[in-house]
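Trainee: With the sequence up front, the predicted model follows.
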Amino acid sequence: MLLHDGRLKARQDVHAAVVDSELGRKDLQQCADAVMRLRAEYLYRSGQEDAIAFDFTSGFRAEWVRWRRGERIRVTGNRCAWVHGAAPDSSHAQLMRYLDAVFTYAGTLSLARELKRASPAPPDAGDLRIGDVFIQGGSPGHAVLVVDAARHADGRLAFLLAQGYMPAQEIHVLRNARQPDLGAWYLLHGEARLHTPEWTFDWSHRRRWP
């Protein structure tokens, strides 16, 4: 697994797979950014691109629908404003430029505020959903995304988690380090916390998109 500058990540024991997507050479796409990247890619490729929008840490709402019309975001201190400055462009390459701006001015604090709280207790099999985000806002904070779910033979829900990390690195599916026989799958089994290779979350950290 590679960092944004082409070097190998020091820990090569946390990932079960790497997402095949361009990373870029800047140290931008970190943990919350990876969650927003996957959200944007899903909406873009499923014909829901008008819903692509994220909050900056300042509270400014950065909407892809305005960016693709040719508007750009002028940042002056803590103030942001839309200005006209480019030709309309809805290409995927332009989406990546928009996301670079989002990654620069958003993070775990803003994303945690933007998402709505899910149940604070360990969910039953019907409550945890693909797209749920475990997020702890802060400096540093962290976020991981539920990217798939399946039913285990004993009836429990199994799920996969993906993350980015610091410094910017390829998005990857996490191994289950505490139960290596499960590979990348995590099982709901009543524990009070979710343990991932590089972060531990409380169930109260689980959120989802409004």
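Mentor: Received it, and whenever you're ready, just let me know what you need. Numbering: from 1, shown residues only.
Trainee: Going by C-alpha atoms from here, please, whenever you check contacts or count neighbours.
Mentor: Noted.
Trainee: ranges for the helices of this structure?
Mentor: Secondary structure of the chain (DSSP state H): helices at 31-45, 64-68, 92-105, 108-114.
Trainee: tell me which helix or strand of the chain sits lowest on mean pLDDT?
Mentor: strand 186-187 (a mean of 91; mean pLDDT, DSSP states H and E).
Trainee: contacting residues around that strand?
Mentor: 156-160, 176 (CA atoms under 8 Å, 6 or more residues apart in numbering).
Trainee: which non-adjacent residue is nearest the most centrally placed residue in the chain?
Mentor: For the chain, the residue nearest the mean C-alpha position is residue 35 (0.9 Å; CA atoms, centre = their mean). Excluding its sequence neighbours, the residue lying closest to residue 35 (CA to CA, 6 or more residues apart in numbering) is residue 145, at 6.2 Å.
Trainee: who's in contact with that neighbour?
Mentor: 35, 131-134, 161-163.
Trainee: Tell me how far it lies from residue 206.
Mentor: Residue 145 sits 10 Å away from residue 206, going by CA to CA, to the nearest Å.
Trainee: who touches both of those two?
Mentor: In contact with both residue 145 and residue 206: 132-134, using CA under 8 Å, 6+ apart.
Trainee: Now go through the residues you listed and say which are in strands.
Mentor: Among the shared contacts of residue 145 and residue 206, the members found in strands (DSSP state E) are 133-134.
Trainee: Buried ones only from the shared contacts of residue 145 and residue 206, please, as a ChimeraX command.
Mentor: ChimeraX command restricting the shared contacts of residue 145 and residue 206 to the buried ones, with burial defined by 16 or more other CA atoms under 10 Å:
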select :132,133,134
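Trainee: Out of the shared contacts of residue 145 and residue 206, the closest to residue 10 would be?
Mentor: residue 134 (23.7 Å; CA to CA).
Trainee: which residues touch the closest one?
Mentor: 143-145, 201, 203, 205-207.
Trainee: circling back to that earlier point, can you tell me which of the contacts of strand 186-187 lies nearest to residue 10?
Mentor: Lowest distance from residue 10 to those (CA to CA) belongs to residue 176, with 18.2 Å.
Trainee: who does the nearest residue to residue 132 once chain neighbours are set aside bridge with?
Mentor: Ranked by CA to CA, 6+ apart and with sequence neighbours excluded, the top spatial neighbour of residue 132 is residue 208, at 4.8 Å. Listed by DSSP bridges, the beta-bridge partners for residue 208 are residue 116.
Trainee: number of nearby residues for residue 208?
Mentor: Number of residues near residue 208 (other CA atoms under 10 Å) recorded here: 19.
Trainee: One more: residue 82?
Mentor: 14.
Trainee: now residue 209
Mentor: Residue 209 - counted by other CA under 10 Å - has 13 other residues nearby.
Trainee: Surely it touches residue 115?
Mentor: Yes. With contact defined as CA atoms under 8 Å, residue 209 and residue 115 form a contacting pair (5.1 Å).
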